[in-house]
Structure formats: C-alpha cells, structure tokens
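Colleague: got a predicted structure here, sequence first:
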Amino acid sequence: MGKSITDKITKLLLPQAIQRFSQGEPLTVGPFTASLSGLQYKEQSFLWEKVGRCTLLEGPRKLRLLLSASNGRQLAEHDCLQIPNFSVLTAVIDNELERVRKERKGHASENA
C-alpha cells in the first residue's frame, strides 16, 4: 500500500517540481539539493556531467540512494526511508541525467 501512495504523491507533485526546477529553482529534499548546475549532498557538490547514475537500493525497511560517477566511482550513499517526497527528487535527478546524456550524444554527433 505504501508504494501506491508514494506513486500517487509523485504523480501529483512531479510536474510542478520539474517545472520549478527547469526555471532555475533548486529542489531540496532531505540532505540533497538539485539545481540546474548539479547535485549537492551535504557538503559535497557534483556537476551533472560528473554524475553517471542514481540507483535506489530497496530492502526490508530500507531504501538507500546510491550516486555513482560517470566512471563508476561511488559519490554518495544515503538512507532515504524517512525522507518525505524522496521519489520526487529521484525522478528529477533521473530526468536531469537523461537530459545530460542526450546533450552529450548531440555534441558527440556534431563532432563526428
């Protein structure tokens, strides 16, 4: 039942979060702040171009976010079970990483 509620909340909040984010407003959820320039976790900042993947590790009573660099190196890991609206943040992160990937492909094909 919890996942169903989370999915409904994400569906409701995500369009507004993406719109505000794309207009330059940072999105802060727990210790994470996503902005147009990158992602901040506690005192660490990562440019979007350096972030390779955002993975959710789910287990019994456990939800961890694992951020990895483009080269596979782990950047951050955080227990997110108690962070409200965490699914909105991960959706914004995934959306931005996809935008960066498309941008890279566009630049690669222009230089070919």
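Modeller: That came through, no problem.
Colleague: where along the chain do the helices fall?
Modeller: Per DSSP state H, the chain carries helices over the ranges 2-22, 86-111.
Colleague: remind me what the longest one packs against, helices and strands.
Modeller: Secondary structure elements in contact with helix 86-111, counted by 3 or more Cβ pairs under 8 Å, 6 or more residues apart in numbering; DSSP states H and E, are helix 2-22, strand 27-29, strand 32-34, strand 51-59, strand 62-69. All C-beta spots, glycine's among them, are computed from the backbone N, C-alpha and C.
Colleague: name the residues of it that are buried.
Modeller: For helix 86-111, the buried set under the neighbour-count rule, 16 or more other Cβ atoms under 10 Å, comprises 86, 87, 88, 89, 90, 91, 92, 93, 96, 97, 100.
Colleague: now, which of the residues you listed sits nearest residue 39?
Modeller: Proximity to residue 39 was ranked across those by Cβ to Cβ; first place goes to residue 93, at 6.7 Å.
Colleague: got a list of what the closest residue to the closest one other than its chain neighbours touches?
Modeller: Taking Cβ to Cβ, 6 or more residues apart in numbering as the measure, residue 93 lies nearest to residue 54, with 4.7 Å between them; neighbours along the chain are not counted. Under the criterion of Cβ atoms under 8 Å, 6 or more residues apart in numbering, the neighbours of residue 54 are 65, 66, 67, 68, 90, 93, 94, 97.
Colleague: and residue 96, by the same measure?
Modeller: With contact taken as Cβ under 8 Å, 6+ apart, residue 96 is in contact with 21, 34, 48.
Colleague: which one of those sits in the busiest neighbourhood?
Modeller: Among the contacts of residue 96, residue 34 has the most neighbours (other Cβ atoms under 10 Å), with 22 neighbours.
Colleague: shouldn't that residue be in contact with residue 26?
Modeller: Yes - the pair formed by residue 34 and residue 26 meets the contact definition of Cβ atoms under 8 Å, at 6.7 Å.
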